[in-house]
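> just a sequence and a predicted model for now, questions to come.
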Amino acid sequence: MARIFDIASFLPERVLTNDELAERFKNWNSEKIFNKTGIKFRHIAENDQTSSDIAIAAAKNLFDKTSFDKDKIDMIFLITQSQDQSIPSTAFHIHKELNLKENCGCFDINHGCTGYIYGLSLAKSLIKCKECENILMLTADTYSKFINPQDSSLATLFGDGATATLIVNEEGNEQGIGNFSFGTDSSKKDLLNCDYLGLKTPINKQKSLFMDGPGILNFTLDKIPKSLLNYLEENNKRIEDYDHIVFHQANKFILEKLYKKINAGNKGIISLANSGNTVSSSIPLVLEELINDDYDKKRSILLAGFGVGLSWGFTNIVL
Amino acid sequence: MFEKEQIQDFLTELTESIELPDGTLNLDTKIENIEWDSLAVISCIALADEKFNIMLSGDELAKIITIGDIFQLISKKQ
């Protein structure tokens, strides 16, 4: 059975505080920013610090933490939307810098806030089909490089960061990865978009990250609770069956509304004060905290990703 | 139609959510006189969903003139 063996992360050293943002956006104050977003500070990559740099740092933290023999890794993939370059995939650079073995597959996945759920699904499938035994799944994004610093709704929310998850095949271990459900509303694909790093829009006309906040909120409140409850019904599960519920850490405001709508009680975790919305890294950052709190404790956790696409995806794990 | 309590409850929570002094909002309050920014719009969308199970769009809320218009929008969708 595929299971998450361990998770580590890396957040860039530089931080952007609410005080700095309040200085930039005069009609906001530091307290209001925290009250609405639940974020104290976001980490911002240096100008010359890219997704590969932070993903490599996260992977090294994972190797240090686990003492796992990296020669046993037979697949690595990076979930990112802020790749180092278009060719080759950023994962190849990471493979080289980590000095991983030749007999190891390597690719990128372009996915945002649902990316970690997609990654878990893929890793589980590769292990179940016996194509792989040990997979290093990385998430890394530097959305700060896509954001206009004067855009208050984006600059307050997003932070840069990377995580490394080791997924292994371990027969007879009950800690596993459960069933998945995915959904897409591509009619709303432009509610969260960025031209950068793409060929469709000429470089001199490319626009920075755009988010239609109200539109995303409409989608999220309408679609996610209903779809999640359908997923639970299809799997004969109830909210009560889980120890924790971990949604993509978009912001405190939306998480409170969503957890309330599914009657999550005190099971729903909100933990983004020290990181902000880190896109595909937000779920594994929470899982890392749970693991670090007590590695041996067995917890049943419901996971939900939603956002860019617009997309959603659910699964459950025992961690 | 809305019960008086429903309106008051909504206004109280909206006032709190957009951090205005208590009692600032009533149905005649013109939004040009308050800070009707993106946060206010988002708070209003979430409240309408929570209290009335109605989804208001950002475009609709960008066009309102008074707070009372929010209830017009909600009643049209009920």
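Cool, got the structure.
> only C-alpha atoms for contact and neighbour calcs from this point on.
Fine.
> count of neighbours near the residue in chain B that chain A sits nearest to?
Closest residue of chain B to chain A, CA to the nearest CA: B:Gly58 (5.1 Å). Counted with other CA atoms under 10 Å in any protein chain shown, residues neighbouring B:Gly58 total 20.
> A:Gly276 and chain B: what is the separation?
Look at A:Gly276 and chain B: by CA to the nearest CA, to the nearest Å, they are 17 Å apart.
> correct me, but that residue touches A:Gly159?
Yes. A:Gly276 lies in contact with A:Gly159 (CA atoms under 8 Å); the separation is 5.0 Å.
> quick one: common contacting residues for the two?
Residues touching both A:Gly276 and A:Gly159 (CA atoms under 8 Å, 6 or more residues apart in numbering or on different chains) are A:Arg42, A:His43.
> please enumerate the helices of the stretch 1-150 of chain A.
Assigned by DSSP state H, counting those that start in this stretch, the helices in the stretch 1-150 of chain A fall at A:18-24, A:30-37, A:51-66, A:90-97, A:115-128.
> which elements pack onto the last one?
Using 3 or more CA pairs under 8 Å, 6 or more residues apart in numbering or on different chains; DSSP states H and E as the contact test, the elements touching helix A:115-128 are strand A:2-10, strand A:75-79, strand A:134-141, strand A:161-169, strand A:300-307, strand A:311-318.
> in its sheet, what does the second one sit against?
Looking at strand A:75-79 with DSSP bridges, its partner strands are strand A:105-109 (parallel), strand A:134-141 (parallel).
> which residues in the stretch 201-319 of chain A form strands?
Along the stretch 201-319 of chain A, counting by DSSP state E, counting those that start in this stretch, strands occupy A:210-211, A:244-247, A:300-307, A:311-318.
> out of those, which comes closest to chain B?
Of all the strands of the stretch 201-319 of chain A, the one in closest proximity to chain B, counting by CA to the nearest CA, is strand A:210-211 (11.8 Å).
> state which one residue of the stretch 201-319 of chain A is found closest to chain B.
Closest to chain B within the stretch 201-319 of chain A is A:Pro214: 5.1 Å, counting by CA to the nearest CA.
> so what's that residue up against?
By CA under 8 Å, 6+ apart, the contact list for A:Pro214 reads B:Ser38, B:Val41, B:Ile42, B:Ile45, B:Ser57, B:Gly58.
> so how far is B:Ile42 from it?
Using CA to CA, to the nearest Å, A:Pro214 is found at 6 Å from B:Ile42.
> which neighbours do those two have in common?
Both A:Pro214 and B:Ile42 are contacted by B:Gly58, under the criterion CA under 8 Å, 6+ apart.
> any chance of the helices and strands packed on helix A:115-128 in TSV, plus mean neighbour count?
As requested, those are exported to TSV (neighbours: other CA atoms under 10 Å in any protein chain shown):
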stretch	mean neighbour count
strand A:2-10	24
strand A:75-79	26
strand A:134-141	28
strand A:161-169	27
strand A:300-307	24
strand A:311-318	22
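> in CSV, list the ones you listed along with mean pLDDT.
Formatted as CSV, the helices and strands packed on helix A:115-128 follow (pLDDT from 0 to 100):
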stretch, mean pLDDT
strand A:2-10, 96
strand A:75-79, 98
strand A:134-141, 98
strand A:161-169, 97
strand A:300-307, 97
strand A:311-318, 97
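> in JSON lines: those, plus distance to A:Ala45.
As requested, these are exported to JSON lines (distance: least, CA to CA, whole Å):
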{"stretch": "strand A:2-10", "distance to A:Ala45": "11"}
{"stretch": "strand A:75-79", "distance to A:Ala45": "17"}
{"stretch": "strand A:134-141", "distance to A:Ala45": "9"}
{"stretch": "strand A:161-169", "distance to A:Ala45": "8"}
{"stretch": "strand A:300-307", "distance to A:Ala45": "22"}
{"stretch": "strand A:311-318", "distance to A:Ala45": "26"}
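> contacts for the strand or helix carrying B:Ile70, please.
Here B:Ile70, judged by DSSP states H and E, is contained in helix B:68-77. With CA under 8 Å, 6+ apart as the test, helix B:68-77 has contacts from B:Met1, B:Asn26, B:Leu27, B:Asp28, B:Thr29, B:Ala48, B:Phe52, B:Ile54, B:Leu56, B:Glu60, B:Leu61, B:Ile64.
> what about the third one, neighbour count?
So that's B:Leu27. When neighbours are counted by other CA under 10 Å, B:Leu27 comes out with 14.
> now swap in the fourth one and tell me
Other residues within reach of B:Asp28 by the criterion other CA under 10 Å amount to 11.
> wasn't it part of a helix?
No. Assessed by DSSP: H, G, I helix; E, B strand; the rest coil, B:Asp28 does not belong to a helix; its assignment is coil.
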